[in-house]
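Q: A predicted structure for the sequence below; I have some questions about it.
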Amino acid sequence: MDKSIFAAMPSLTPTLGYASMIGLGLFSLALSYAVKTLLVRNTHDFIIADRRVGFGFGVGSVIAVWTWAMAVMMSSAMTYQWGLSGLFWFVVPNGFAVMAMIPFARILRKNMPEGYTISEFIEYRFGRSKAATAIVTVTMIFGIILEILINLKGTSVVVSTVFGIDWKVATVVGIICVLAYSYFGGLWTSVMTGTLNTLMITVPAAIVVAAVYAAIPGGSEAVFNAAGAADARNLSVLRPDAAAGFGITLAFGLLAATVSDQTFWQKVWAIKSRDVGRVFLWSGALFYPIPICLGMLGLVGIAYGLKPADFGGDIVAVGPYIVSHIGLGLTLVLLYVLVILAACYSTIDGASAALSSVVAVDIVKRYFPQTSESSLFVITKLSVLLGGIIATLIVLSGLDFTTLVLTTYALKTSILLPLVLSILWPKTNMIGFVGGIALAIGVGMPIYATAGELIGTLSIVAISGLTVVIAGLIGGENFDFTGLRRIGDEVSAPAE
């Protein structure tokens, strides 16, 4: 198959790119302002949506915050790099990671119904230990900032690849668009825009990918034949080198990305209690078609023999490059751009909402409990802007996209088992919890850096988990989870 078929479309001008980014931002801003007027009256509404998010909006918003730029573009990149094995190892753990939240979510929502953040749970779980709560709070903030910057990088990659806009300018324009509407409505805005963005991601993605295959002479059969001819392993689903190269690492990382992420815990306490379990079940199941569909663009890149140098050197750009250069109509290309922008925007606004809850509950109310409601509301909203600014500055430094993702998951993996055991095992104590995380970072991360991703990830998980278990068996006392039910609302809604 001849890759000379790929050519730039003169109609994809920078002006059109700016219009796409700003247009989606303005639409979200209008919706956000309406949400603010009708539903957001105080900090409680801003960070927890008054605990009134129902099943439909719950599913839509969870899918939206989980559909990172990674899910949209890295599914194509991993398929391009590893063939169908790359798609398999990327897709399967993704949906399972969301479903894995169900037992933990049910336990904490039942025993701590007035909760806001996972750091708040750790505070009461370990007798207000400053070390334990500080570690979890810092980890949550760090993870949220990384979520924002990874998706900002995704926005810049697609806009620069498709429209030729300088990626640094695209980054700045993108964050301004998201922060402009996230500032007003908090979690309510994230839930509403996220649900709409989920609809914008699913159906248009299927249409665009089908159009790409229709534009190829011979269609899907030709693509699969050419990919197999290039390397028979491209059509194998269970390549050992793909599992060792990134699959197992990513699987642990994805699980850590949900269980160790305030973006999801905020949803746990915001969704109506009766709907929590089934929201995460359906969100995980309905997420699968998105990366499966978009991942098939990577197979097209293999079939045509595309090289990273053809699309700027970063393999995550393979999907945007194919869609914008294979000869589709302008409308379809813009539809694909909106799919990625919707994924990026919804994840960023969801992370920003999560950051606001951490700042309000785990920083302001914990260390400055006398802060008035009016001051807390302002600080909470300003934290959304601050998080976006910090993430933007990091993105502008030019860090590699794939490296950012894997580093994020390695760090979150350090806290995975200590956090899981603190929820499931009553004997987990503060020494084991803090020691497990500290050793995983201090010993496991250097192993990760020197021995590679697979050995490093397994070392991080083993070190953190064994430390918690050993400490619990030696000096652990059974923790009474029912005592959490006596904890009051940290940011109760002011009386009308």
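A: Great, that's in hand.
Q: going forward, measure contacts between C-alpha atoms and count neighbours the same way
A: Fine.
Q: helix or strand right after the lowest-mean-pLDDT helix or strand in the chain?
A: One helix or strand of the chain scores below all others by mean pLDDT, DSSP states H and E: helix 69, with a mean of 70. For helix 69, the following helix or strand on the C-terminal side (DSSP states H and E) is helix 75-82.
Q: who does that next one touch, helix- and strand-wise?
A: helix 84-99, helix 289-303, helix 318-325 (3 or more Cα pairs under 8 Å, 6 or more residues apart in numbering; DSSP states H and E).
Q: of those helices, which is nearest residue 172?
A: Evaluated over the helices and strands packed on helix 75-82, closeness to residue 172 peaks at helix 318-325, with 19.8 Å, by Cα to Cα.
Q: give the other helices and strands that the closest one contacts.
A: Judged by 3+ Cα pairs under 8 Å, 6+ apart, helix 318-325 is in contact with helix 75-82, helix 130-163, helix 289-303, helix 330-357.
Q: report the angle between that helix and helix 130-163.
A: 20 degrees (axes from the mean of the first three to the mean of the last three Cα atoms, to 10 degrees).
Q: hmm, who's touching helix 318-325?
A: Helix 318-325 is contacted by residues 6-9, 73, 76-77, 80, 158, 161-162, 208, 212, 294, 297-298, 300-301, 308, 311, 333, 336-337 when judged by Cα atoms under 8 Å, 6 or more residues apart in numbering.
Q: okay if I get the helices and strands packed on helix 75-82 as CSV plus distance to residue 14 and mean neighbour count?
A: What follows is the helices and strands packed on helix 75-82, written out as CSV (distance: least, Cα to Cα, whole Å; neighbours: other Cα atoms under 10 Å):
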stretch, distance to residue 14, mean neighbour count
helix 84-99, 32, 24
helix 289-303, 24, 25
helix 318-325, 13, 24
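Q: in CSV, list those helices along with distance to residue 362 and mean pLDDT.
A: Shown next, in CSV, are the helices and strands packed on helix 75-82 (distance: least, Cα to Cα, whole Å; pLDDT from 0 to 100):
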stretch, distance to residue 362, mean pLDDT
helix 84-99, 24, 92
helix 289-303, 34, 93
helix 318-325, 39, 90
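Q: out of those, which gets nearest to residue 417?
A: helix 84-99 (14.0 Å).
Q: report the buried residues of the helix or strand following the closest one.
A: Using DSSP H and E, the helix or strand that follows helix 84-99 in sequence is helix 101-111. Within helix 101-111, the residues scored as buried using 16 or more other Cα atoms under 10 Å are 101-102, 104-106, 108-111.
Q: shaky segments in the stretch 351-496 of the chain?
A: 399-410, 492-496 (pLDDT under 70).
Q: show me where it has its helices.
A: 365-367, 373-395, 401-424, 430-439, 445-451, 453-475 (DSSP state H, counting those that start in this stretch).
Q: looking at those helices, which is buried most?
A: helix 430-439 (a mean of 23; mean count of other Cα atoms under 10 Å).
Q: between the buried residues of helix 101-111, which is nearest residue 51?
A: Using Cα to Cα, those come closest to residue 51 at residue 109, 11.1 Å.
Q: what's near enough to touch that closest one?
A: Residue 109 is in contact with 115, 268-269, 273, counting by Cα under 8 Å, 6+ apart.
Q: thinking again about what came up before, out of the helices and strands packed on helix 318-325, flag the one nearest residue 488.
A: It is, among the helices and strands packed on helix 318-325 and with distance given as Cα to Cα, helix 330-357, at 16.1 Å.
Q: quick check: buried residues in the closest one?
A: So for helix 330-357, counting by 16+ other Cα under 10 Å, buried means 332-357.
Q: do stretch 239-251 as well
A: Neighbour-count burial for stretch 239-251 [16+ other Cα under 10 Å]: 239, 242-243, 245-251.
Q: and which of those residues is nearest to residue 54?
A: residue 251 (29.1 Å).
Q: work out for me the element the closest one sits within.
A: Going by DSSP H and E, residue 251 is in helix 248-259.
Q: from the middle of its chain, how far away would that helix be?
A: Computed by Cα atoms, centre = their mean, to the nearest Å, the chain-centroid distance of helix 248-259 equals 11 Å.
Q: so it versus helix 130-163, what angle?
A: 110 degrees.
Q: so which bits of stretch 30-49 are buried?
A: 31-33, 35-36, 39-40, 42-49.
Q: strands - which of those residues land there?
A: Using DSSP state E to define strands, no part of those is located there.
Q: now, which of those residues sits nearest residue 438?
A: Closest to residue 438, out of all of the buried residues of stretch 30-49 and judged by Cα to Cα, is residue 47, at 29.7 Å.
Q: who's in contact with that closest one?
A: 186-187, 266, 353-354, 356-357.
Q: give me the number of residues near residue 78?
A: 25 (other Cα atoms under 10 Å).
Q: residues in contact with it?
A: Here residue 78 is in contact with 86-87, 90, 295, 298 (Cα under 8 Å, 6+ apart).
Q: before we move on, what about residue 436?
A: Contacts of residue 436 (Cα under 8 Å, 6+ apart): 414-415, 418, 463-468.
Q: ok, and the closest non-adjacent residue to residue 387?
A: residue 145 (6.3 Å; Cα to Cα, 6 or more residues apart in numbering).
Q: my guess is the one you found contacts residue 391. True?
A: Yes. Taking contacts as Cα atoms under 8 Å, residue 145 lies within contact range of residue 391: 5.7 Å.
Q: angles on the backbone of residue 53, please.
A: phi -70, psi 130 (degrees, to the nearest 10).
Q: bridging residues for it?
A: residue 271 (DSSP bridges).
Q: these two touch, right, it and residue 269?
A: No. The pair residue 53 and residue 269 fails to qualify as a contact (Cα under 8 Å) at a distance of 9.4 Å.
Q: contact partners for residue 271?
A: 51-55, 58.
Q: on that earlier part again, who wins for neighbours among the contacts of residue 109?
A: residue 268 (32 neighbours).
Q: for that one, give me its contacts.
A: Contacts of residue 268 by Cα under 8 Å, 6+ apart are 105, 109, 276.
Q: and which of these is nearest residue 97?
A: residue 105 (12.8 Å).
Q: look up how far residue 322 lies from the nearest residue to that closest one once chain neighbours are set aside.
A: In space, and not counting its chain neighbours, residue 105 is closest to residue 268: 6.0 Å by Cα to Cα, 6+ apart. Noted for residue 268: a distance of 38 Å to residue 322, by Cα to Cα, to the nearest Å.
Q: equivalent analysis for residue 1, please.
A: Residue 1 is 14 Å from residue 322, by Cα to Cα.
Q: next one: residue 131
A: In terms of Cα to Cα, residue 131 sits 49 Å off from residue 322.
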